[in-house]
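Colleague: Pasting the sequence and the predicted model now:
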Amino acid sequence: VMLAILIGMLTVLTWHFTRAYTTKSINTLAYGLRYELLQRPILRMWNILNSTVEITMAQVKLSEYVIRQYDKPITQ
């Protein structure tokens, strides 16, 4: 009888911990996947925006340089 009770208790405890940790593990995995799916496009768009800003700033500096070169009065 004691052996049957011990086996029953071990079965219940095993079921409980397996269920609890499986749920926690699945929730953690789901959170990680949501984070990856939501963050990657945002980070990619942020990188594109930063690249666009850098290119625009370079074009502005080049335009300012060209304007300064051709804005000088012509002396003969």
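Modeller: It's in. Numbers count the residues shown, from 1 in each chain.
Colleague: ranges for the strands of the chain?
Modeller: Along the chain, no segments are classed as strands by DSSP state E.
Colleague: now it, which segments are flagged as low pLDDT?
Modeller: 74-76 (pLDDT under 70).
Colleague: give me the number of residues near Val12?
Modeller: When neighbours are defined as other C-beta atoms under 10 Å, Val12 has 10 of them. Using the backbone N, CA and C atoms, a C-beta is placed for each residue, glycine as well.
Colleague: do Leu33 as well
Modeller: 10.
Colleague: Please apply the same query to Arg34.
Modeller: As a burial measure, Arg34 scores 10 neighbours (other C-beta under 10 Å).
Colleague: Any figure for the gap between it and Val60?
Modeller: Computed as C-beta to C-beta, to the nearest Å, the Arg34 to Val60 distance reads 39 Å.
Colleague: From Gly32, how far out is the most centrally placed residue in the chain?
Modeller: Residue closest to the mean C-alpha point of the chain, counted by C-alpha atoms, centre = their mean, is Gln39 at 3.3 Å. In this view, Gln39 and Gly32 are 10 Å apart by C-beta to C-beta.
Colleague: Check Tyr21 too.
Modeller: Remark: distance between Tyr21 and Gly32 (C-beta to C-beta) = 16 Å.
Colleague: repeat for Tyr70
Modeller: For Tyr70, the distance to Gly32 (C-beta to C-beta) stands at 56 Å.
Colleague: And Ile55, by the same measure?
Modeller: Taking C-beta to C-beta, one finds Ile55 at 34 Å from Gly32.
Colleague: Over to Ile48?
Modeller: 24 Å.
Colleague: Likewise for Trp15?
Modeller: Counting by C-beta to C-beta, the gap from Trp15 to Gly32 is 26 Å.
Colleague: Likewise for Gln69?
Modeller: 54 Å.
Colleague: Over to Ser63?
Modeller: Ser63 is 46 Å from Gly32, by C-beta to C-beta.
Colleague: How about Ala20?
Modeller: From Ala20 to Gly32 the distance is 19 Å (C-beta to C-beta).
Colleague: This structure: helices as residue ranges?
Modeller: 2-71 (DSSP state H).
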